[in-house]
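Student: What would the 3D arrangement of this be:
(chains A and B)
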Amino acid sequence: MLSRVADSVFWMARYLERTDNVLRLLRTDYIASQDEILNFDWQRVTDTLSTKSETPKVVTSYREALYHLILNKDHDASVFTNIVRVRENARSVQDYITKELWQCLNDYYHIVRDPHTEDLLLQQDPVTALDTLLRESIIFYGTVEVTMNRGDGYTFLNLGKYIERALQSLDLLEMKWDIADEVTEPVSWKYLLYALSGFEFHTKFYRNALQTEDVIHQVLFNTQFPHSVSYSLSQIDRYFQRLKETSLTDNFKEMEFLAGKMVKDIQYTTVNRKDSVAVRELITATRNQILNFSHKLTTLYFGYT
Amino acid sequence: MPFSTLLTDYQTTPNVWDEMCDQQAIRSHYQVFLQSLKKDSIAELVKKNELAKKLFMSQGITFTVYSDGEGIEKIFPFDILPRIITATEWSIIERGIKQRVKALNIFLADVYHDQFIIKDGKIPAALILSCPNFMKEMVGVDLSHGIYTQISGIDLIRDSDGSFYVLEDNLRTPSGVSYMLENRSMTYRIFPDTLPKNNVRSIKDYPDLLLKNLMALSKRAISNPTVVLLTPGIYNSAYFEHTTLARLMGVELVEGRDLVVDNAKVYMKTTAGLKQVDVIYRRVDDDFLDPLVFNPKSMLGVPGLYFAFRSGNVAIINAPGNGVADDKAVYPYVPEMIKYYLNEEPILKTVPTYSMSDPEHFSLVFSQINKMVIKKTNESGGYGMLMGNAVTEKEIAEYKKEVEKNPRQFIAQPIISLSTVPCFIDGKIQPRHVDLRPFALYGPQGIEIVPGGLTRVALREGSLVVNSSQGGGSKDTWVLA
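Tutor: Now for the predicted structure:
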């Protein structure tokens, strides 16, 4: 397939996955903020989810934070901006993706621009708005599964999706860890799992009160958990293998090595889950491996300029 | 009259051909459709109109106007009532366009080779050589099957007696065919079951016919040549059309930066390395195709493309240099071409055209300017045009100065009041002026025209300007079997 098209499909999937993760996090945070006696720190949420290079936005209320993080057109990391990016990427490959997929993304775009969405977020029940938006990303994944052919485009789409997912899970784990202290730790882990749609799974799989080691295990290593880093990396490896037939041999071999190493490194790690310093080092190392893989993919497969 | 409740606001204009009404009577080919409408009150039509708008929006069939970083979505205005053309009318159109396209192709081959038509004194040499779109680089180039205009869009209008006139030929990169296809699929949704009941001919073969022709032009003797559609990119106003056609034909939609020329062959950059391209259906203008030969500032083209084309390693569709045949100053000579090359009488009429470089014509035109329209020979889309009946004295004086500067660039024609058809506007059925652009596909097996075309509507009451850039819309066009 055309390198430019592969690049756009890849980034379309990355921005969509990012949007989905941010929306889940905001939904959890909003509910958390309604459930706490103390003032929920929206400024911190705003700071962590904003682009680092921008001047920090001061928010005085949760509505203001929601506006900035979801609807603000001038904010480079807002959900709105990301959906526009998803759609612009889709537009540039409109002939390649299916008509159904294009219409689904087009609907997503119209929903985030809908005055009703703004009204819900800023005047009424924000959860309804977040659920509506989240449903659109689920429809996206369903539409991909049902309508897209299983050629290289599908592969690059999934590579984008799982690269972004792994990065988001790493970021989120680190972020919740940063803010957790002895008192708030259990609650903080709970919200982390909610944000990753993994709380119910946790109670079934680990069958005891929330413990830091178990949470770390779930988010980093549990291969049954679709938001775990380990699961995402094995998906990256699995999808990448599909490119064997259509790749230039040297390019494929170089990437195959990186993908394989990423998966095995985390699978056979000897890091003690109770050793927080070592776990944090592992997070950083894994993130660097993923970024390197993504960078190589760009140069070897998408290099068209 | 049975349709009176629907048609209370339908006031036809004297001396204008209305395609639905003959005096007060409804023409027979509109009867079946109007019968089916009778059940629908005006309120129903309002609902259908809403539905159509919603469908266009959700399918993203929109123009995007960029400002402040965020695109503003605009729907290409669509009128829900179809325009109906009878089988007899269509057979005239079909024969007329085939004849015309055939003659224009021979003309292009002639003008870029032996130039018999000039030597025989049928067309002045100065007219051709002064044409900005006469491309010297094309002289002596042999094209496969001798076809220059694989795709043409011929604009037709109807005079007060209903006869068809050619308004202009579009032989370079005619657009609008995706709207022809989309408008039809809109009709399925808003008027269920009316198409079969009215015995409307299908237009869905267009992409297949086009692909078949494009594949036949590959210079390599391989069973599955690589055909691509070259687009200027997502900011082009016709981008939607480019994606639609690429999707329907299953060919790659490429931008200039996706292509590279090596050793006089064209390749596209894929995730698996370079892949040779055989046929390029380009929607990029001649001037931007190759910065090495044409406009050096072009970022849309591919350096070396023209050399690859000249070397016979890639086919470019439509051929470069076609602009010499659809130049508005060459237009009045087309009937002569038909007689000269085909020894036939023209089937479709031509609008009388005055060349402004002729001093007699010049004074004649400006003496009755209120009946005239002056156009630039090298512009389309309704730009640079002066409608003599709708401007002030001052505007005329200013325009006159422009014409005097470079009279070769202007022609004048008497204003023809285009025919009217029923449209649903502001909750009423009202007549509006239309033209018709059928699309002719010229392949090794001859010329084929899908029964239909793009009907463009001047949405403002009384307006004769149908161009989408000037507030025009479109509607579905039915050709009855």
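Student: Mark out where each domain of the chain begins and ends.
Tutor: Reading this off chain A. When chain A is parsed with automatic domain parsing, its domains come out as A:1-148, A:150-305.
Student: You answered for a different chain; I wanted chain B.
Tutor: B:220-313, B:356-414.
Student: A helix includes residue B:266, no?
Tutor: No: read with DSSP: H, G, I helix; E, B strand; the rest coil, residue B:266 is strand and lies in no helix.
Student: What is the neighbour count of residue A:128?
Tutor: 13 (other Cβ atoms under 10 Å in any protein chain shown). C-betas here are computed from N, CA, C, even on glycine.
Student: what's the helix or strand for it?
Tutor: helix A:126-147 (DSSP states H and E).
Student: wait, does the helix or strand just after that helix contact chain B?
Tutor: The helix or strand immediately downstream of helix A:126-147 is helix A:152-179, counting by DSSP H and E. Yes: under the criterion of Cβ under 8 Å from any Cβ of the partner chain, chain B is reached by helix A:152-179 at A:152, A:156.
Student: Now do helix A:152-179 and helix A:126-147, the angle between them.
Tutor: With axes from the mean of the first three to the mean of the last three Cα atoms, to 10 degrees as the basis, helix A:152-179 and helix A:126-147 are set at 150 degrees to each other.
Student: Tell me which of the domains of chain B lies nearest to chain A.
Tutor: domain B:220-313 (3.7 Å; Cβ to the nearest Cβ).
Student: mind listing what whatever residue of the stretch 1-150 of chain B ends up closest to chain A touches?
Tutor: Closest to chain A within the stretch 1-150 of chain B is residue B:60: 4.2 Å, counting by Cβ to the nearest Cβ. With contact set as Cβ atoms under 8 Å, 6 or more residues apart in numbering or on different chains, residue B:60 has these partners: A:91, A:94, A:102-103, A:106, B:73, B:240.
Student: Run a quick check on residue B:278 versus residue B:227, I expect a contact.
Tutor: Yes: with contact defined as Cβ atoms under 8 Å, residue B:278 counts as touching residue B:227 (6.7 Å).
Student: where do the contact lists of these two overlap?
Tutor: In contact with both residue B:278 and residue B:227: residue B:218, using Cβ under 8 Å, 6+ apart.
Student: on that earlier part again, among the domains of chain B, which one carries the weakest average confidence?
Tutor: Among these, domain B:356-414 has the lowest mean pLDDT, at a mean of 86.
Student: most neighbours per residue, which of the domains of chain B?
Tutor: Mean neighbours per residue, mean count of other Cβ atoms under 10 Å in any protein chain shown, is largest over the domains of chain B for domain B:220-313, with a mean of 19.
Student: measure that domain end to end?
Tutor: One end of domain B:220-313 sits 8 Å from the other (Cα to Cα, to the nearest Å).
Student: Residue numbers of the stretch 1-150 of chain A in contact with chain B?
Tutor: Near chain B, when you scan the stretch 1-150 of chain A using Cβ under 8 Å from any Cβ, you find A:1-6, A:73, A:84, A:88, A:91-96, A:99, A:102-103, A:106-107, A:110.
Student: tally of neighbours for residue B:122?
Tutor: 15.
Student: What score does it have for pLDDT?
Tutor: Reported pLDDT for residue B:122: 94.
Student: So residue 101: helix, strand or coil?
Tutor: No chain was given, so I picked chain A. Put simply, residue A:101 is helix when judged by three-state DSSP.
Student: was after chain B, sorry
Tutor: Note that with three-state DSSP, the state of residue B:101 is helix.
Student: ditto for residue A:293
Tutor: Going by three-state DSSP: residue A:293 is helix.
Student: which residue packs closest to it, ignoring adjacent ones?
Tutor: Spatial nearest neighbour of residue A:293, excluding adjacent residues (Cβ to Cβ, 6 or more residues apart in numbering or on different chains): residue A:258 at 4.9 Å.
Student: dump the residue contacts of the one you found.
Tutor: By Cβ under 8 Å, 6+ apart, the contact set of residue A:258 is A:289, A:292-293, A:296.
Student: State the distance from it to residue A:46.
Tutor: Residue A:258 sits 35 Å away from residue A:46, going by Cβ to Cβ, to the nearest Å.
Student: Check residue A:64 too.
Tutor: Distance, residue A:64 to residue A:46, using Cβ to Cβ: 9 Å.
Student: do the same with residue B:231
Tutor: 40 Å.
Student: Then residue B:414?
Tutor: 67 Å.
Student: With residue A:76 instead?
Tutor: From residue A:76 to residue A:46 the distance is 13 Å (Cβ to Cβ).
Student: now do residue B:228
Tutor: 46 Å.
Student: and if you look at residue A:266?
Tutor: 31 Å.
Student: pull the longest helix from chain A.
Tutor: Across chain A, the longest stretch assigned as helix under DSSP state H is helix A:3-34.
Student: Now do the same contact list for residue B:5.
Tutor: Residue B:5 neighbours (Cβ under 8 Å, 6+ apart): residue B:41.
Student: Just to be sure, it is in a helix?
Tutor: No: read with three-state DSSP, residue B:5 is coil and lies in no helix.
Student: in chain B, which residue is closest to the centre?
Tutor: residue B:153 (3.8 Å; Cα atoms, centre = their mean).
Student: now the contacts of residue A:258 as CSV including neighbour count?
Tutor: Output for the contacts of residue A:258, formatted as CSV (neighbours: other Cβ atoms under 10 Å in any protein chain shown):
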residue, neighbour count
A:289, 19
A:292, 12
A:293, 22
A:296, 16
